[in-house]
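Enquirer: how does the following fold in three dimensions:
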Amino acid sequence: IKQYLVNAKELISIILAGILYVMAFPPFNFKFLIYISLIIFLSLILMQSKKNAMIISFIYGLIIFSLGASWIFNSIYTYGNGGIVISSIITVIFIFIQSSYFLIIGFFVNRNNFNHQSRYSIFVPASFFVLVEFVRSYLFTGFPWLIIGYSQIHTIFDNIYPIFGSYFVSFITIVISTYLAIMFINKKISIDNKPILLSVILIILIFQFNKSWVEDSNESISFAIIQPNIKQDEKFIVSNLNEIKQRYVLLSRDIETDLILMPETALPTVYRSNSSFYRDNIMKKSNSLISGIFRQDKNYTFNSMILLDNTEQFYDKRHLVPFGEYTPFESLLEPLAKIFAIPMSNLSSGDLDQNIFTFKNFKLIPIICYESAFPSLIETDDNNYSVIVNVSNDSWFGNSFAPHQHLQITQIRAIEFQRNLIRAANTGISAYINKHGVIIKKLNYNTFGVIQSDIAATKGSTPFSRFGHYPVLMLIFIIIIFYVARTREHE
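Expert: Purely as a prediction, here's the structure:
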């Protein structure tokens with residue numbers, strides 16, 4: 001048993017690696033630390049037995065999610081009425097589930113499997129890492145947070161996002177880190193240098209590829225983003241409704257734009273009962289308005305967006321947040337949902353196939369809150385100029401890392417699709433982000449105010465918008481299948 005235990009030096013190293021991993025993401029943004037983190041981690045597991053590598057991988061995940069997703073506890077405890085015991089238990093279960101995916105890496109990437117003379121070995125850790133990122137992004141409703149590729153936005157990888165997406169950036173980042181880790185422990189691991197050299201040359205060539213895949217419109221629209229900064233624990237108190245409405249009226253009083261954008265579920269009531277409020281009070285000097293709303297259709301309630309001009313256009317949120325918006329495995333977990341007693345948490349998901357908004361000569365692509373983490377929900381084409389519109393309510397997260405991490409995810413979507421993006425978040429961080437993922441204007445978290453500017457639309461499709469994650473998934477599955485087959489041969 002003793003031989004499978006992680007010694008103190010290894011434990012300290014892996015804890016440090018996990019801390020450095022989180023510091024590569026917002027609000028810290030020390031991007032280079034992701035390489036140091038991965039080098040430490042890979043250097044450890046490549047010299048370990050399978051069981052030790054799995055233990056180290058699991059600990060690595062525990063540190064990453066305990067620090068990087070610690071806001072989960074805040075959301076459940078502060079706003080979910082769970083109490084400290086239930087909130088702690090659920091948070092620990094969540095972190096353990098996310099960390100358990102890392103066991104896959106340790107199982108396949110270790111001293112037992114990796115020390116064979118395979119010219120493809122350098123690509124193996126990256127393949128299993130990306131597989132883990134993909135699985136945890138979609139399994140059990142998905143948690144596509146703290147993806148390695150996200151940390152490298154606004155680096156030499158920026159030209160790759162619109163071609164292959166963030167998973168491929170993860171892949172390249174890990175390949176580079178693997179090469180450096182192998183150099184660090186080259187006395188123990190021998191590997192053919194030719195594929196390493198070729199991969200480095202290929203990466204350099206890709207870095208040099210700079211192309212705009214889209215065409216900018218000559219026409220622009222003026223817009224205003226309202227950030228009211230209404231705290232989550234105050235929002236659903238009935239006596240606060242008039243005060244909430246007055247804050248919107250006050251912030252919109254001097255706005256004269258083509259379009260006003262308000263955050264997710266701006267008012268804590270079902271839309272129809274307040275349909276006159278927007279036109280009579282917010283749109284006095286503006287032509288159109290987009291707002292997050294609660295909408296009822298027959299017996300179903302939706303978390304929706306509405307575009308109000310001469311008509312009404314609706315979009316219903318498709319990817320709901322478990323417990324916050326619906327109860328998964330309802331027959332089993334309904335008692336837990338009753339403990340949380342979160343207002344408006346029994347919502348229905350919208351149809352997968354919905355029309356996007358038409359505004360003047362543009363198309364507006366709606367995504368609500370958590371949906372920004374799922375690029376498959378964004379559709380662009382070659383025939384229409386379009387802008388991505390994101391409304392969110394990040395007050396659930398409190399003053400934590402999450403609002404900053406969430407903003408970065410929307411920046412990634414902008415650069416992958418080369419679309420300008422406007423984002424209204426209740427407590428922040430609201431922003432105008434250009435097609436290169438650069439923040440042009442923003443309102444900081446826990447402040448209120450208005451962003452006003454002009455925005456153009458873009459037309460055309462990036463390779464990523466056409467093919468999504470399929471190319472990188474095909475790549476890693478080919479590598480994994482080949483690697484597993486070779487490993488079995490040696491066994």
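Enquirer: so residue 287 makes contact with residue 279?
Expert: No: contact status for residue 287 versus residue 279: not in contact, 11.2 Å apart, counting by CB atoms under 8 Å. Heads up, the C-betas are built off the backbone N, CA and C, glycines and all.
Enquirer: so for these two, which sits in the more crowded spot?
Expert: The residue with more neighbours, out of residue 287 and residue 279 and counting by other CB atoms under 10 Å, is residue 287; that gives 17 against 11.
Enquirer: how about the nearest residue to that one, chain neighbours excluded?
Expert: The spatial neighbour of residue 287 that comes closest, neighbours along the chain excluded (CB to CB, 6 or more residues apart in numbering), is residue 258 at 5.5 Å.
Enquirer: try residue 235
Expert: Nearest residue to residue 235 in three dimensions, chain neighbours excluded: residue 268, at 5.2 Å (CB to CB, 6+ apart).
Enquirer: what's the burial count for the residue nearest to residue 287?
Expert: What residue 258 shows, counting by other CB under 10 Å, is a neighbour count of 17.
Enquirer: where in the stretch 151-300 of the chain is pLDDT low?
Expert: Residues of the stretch 151-300 of the chain that meet the criterion pLDDT under 70 lie in 186-197, 200, 204, 207-208, 273-274.
Enquirer: helices of the stretch 201-350 of the chain, start to end?
Expert: 232-235, 241-252, 275-277, 330-340 (DSSP state H, counting those that start in this stretch).
Enquirer: same check, this time on the stretch 351-491 of the chain
Expert: In chain order, the stretch 351-491 of the chain shows helices spanning 402-417, 463-467, 470-490, with DSSP H, counting those that start in this stretch as the criterion.
Enquirer: for residue 247, find the nearest of the ones you listed.
Expert: With CB to CB, the closest approach to residue 247 among the helices of the stretch 351-491 of the chain belongs to helix 402-417: 19.4 Å.
Enquirer: ok, now which ones touch the most centrally placed residue in the chain?
Expert: Averaging the C-alpha coordinates of the chain gives a centre point, and the residue nearest to it by CA atoms, centre = their mean is residue 373 (3.5 Å). Under the criterion of CB atoms under 8 Å, 6 or more residues apart in numbering, the contact partners of residue 373 comprise 137, 142, 144-145, 409.
Enquirer: how about the lengthiest strand in the chain: buried residues?
Expert: Of all the elements of type strand in the chain, the one with the most residues (DSSP state E) is strand 215-227. Of all the residues in strand 215-227, those buried under the rule 16 or more other CB atoms under 10 Å are 216-217, 221, 223-227.
Enquirer: partner strands of that strand and their direction?
Expert: The strands that strand 215-227 pairs with in its sheet are strand 259-261 (parallel), strand 449-459 (antiparallel) (by DSSP bridges).
Enquirer: adding distance to residue 165 and mean neighbour count, write those out as JSON lines.
Expert: Shown next, in JSON lines, are those (distance: least, CB to CB, whole Å; neighbours: other CB atoms under 10 Å):
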{"stretch": "strand 259-261", "distance to residue 165": "26", "mean neighbour count": "27"}
{"stretch": "strand 449-459", "distance to residue 165": "18", "mean neighbour count": "18"}
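Enquirer: residue 173 is nearest to which of the ones you listed?
Expert: With CB to CB as the measure, strand 449-459 is the member of the strands paired with strand 215-227 nearest residue 173 (27.3 Å).
Enquirer: pLDDT averaged over the closest one - what is it?
Expert: Model confidence over strand 449-459, given as mean pLDDT, is 96.
Enquirer: who does the nearest residue to residue 348 once chain neighbours are set aside form a beta bridge with?
Expert: The spatially closest residue to residue 348, leaving aside those adjacent along the chain, is residue 300, at 4.2 Å (CB to CB, 6+ apart). In this structure, residue 300 bridges to residue 297 when assessed by DSSP bridges.
Enquirer: quick one: residue 300 and residue 420, what's the gap?
Expert: For residue 300, the distance to residue 420 (CB to CB, to the nearest Å) stands at 33 Å.
Enquirer: cool, and residue 145?
Expert: From residue 145 over to residue 420 the distance is 24 Å, taken as CB to CB.
Enquirer: ok, now residue 133?
Expert: From residue 133 over to residue 420 the distance is 27 Å, taken as CB to CB.
Enquirer: and if you look at residue 87?
Expert: Per CB to CB, residue 87 is found 39 Å from residue 420.
Enquirer: more neighbours: those two, which one.
Expert: Here residue 87 and residue 420 are compared on neighbour count by other CB under 10 Å; more neighbours surround residue 420, at 24 against 20.
Enquirer: ramachandran coordinates for the more buried one?
Expert: Phi and psi for residue 420, reported as degrees, to the nearest 10, are phi -60, psi 150.
Enquirer: got the contact list for it?
Expert: Listed by CB under 8 Å, 6+ apart, the contact set of residue 420 reads 387-388, 414, 432-435, 455-458.
Enquirer: so which bits of the helix or strand where residue 22 lies are buried?
Expert: Per DSSP states H and E, residue 22 falls inside helix 8-23. Of the residues in helix 8-23, those scored as buried under the neighbour-count criterion (16+ other CB under 10 Å) are 10, 13-14, 17-18, 20-23.
Enquirer: can you tell me which of these is nearest residue 238?
Expert: Each of these was scored against residue 238 by CB to CB, and residue 22 proved nearest at 39.4 Å.
Enquirer: just checking, the closest one touches residue 68?
Expert: Yes: counting by CB under 8 Å, residue 22 touches residue 68, with 4.2 Å between them.
Enquirer: list the residues that contact both of the two?
Expert: With contacts taken as CB under 8 Å, 6+ apart, residue 22 and residue 68 have 146, 401 as neighbours in common.
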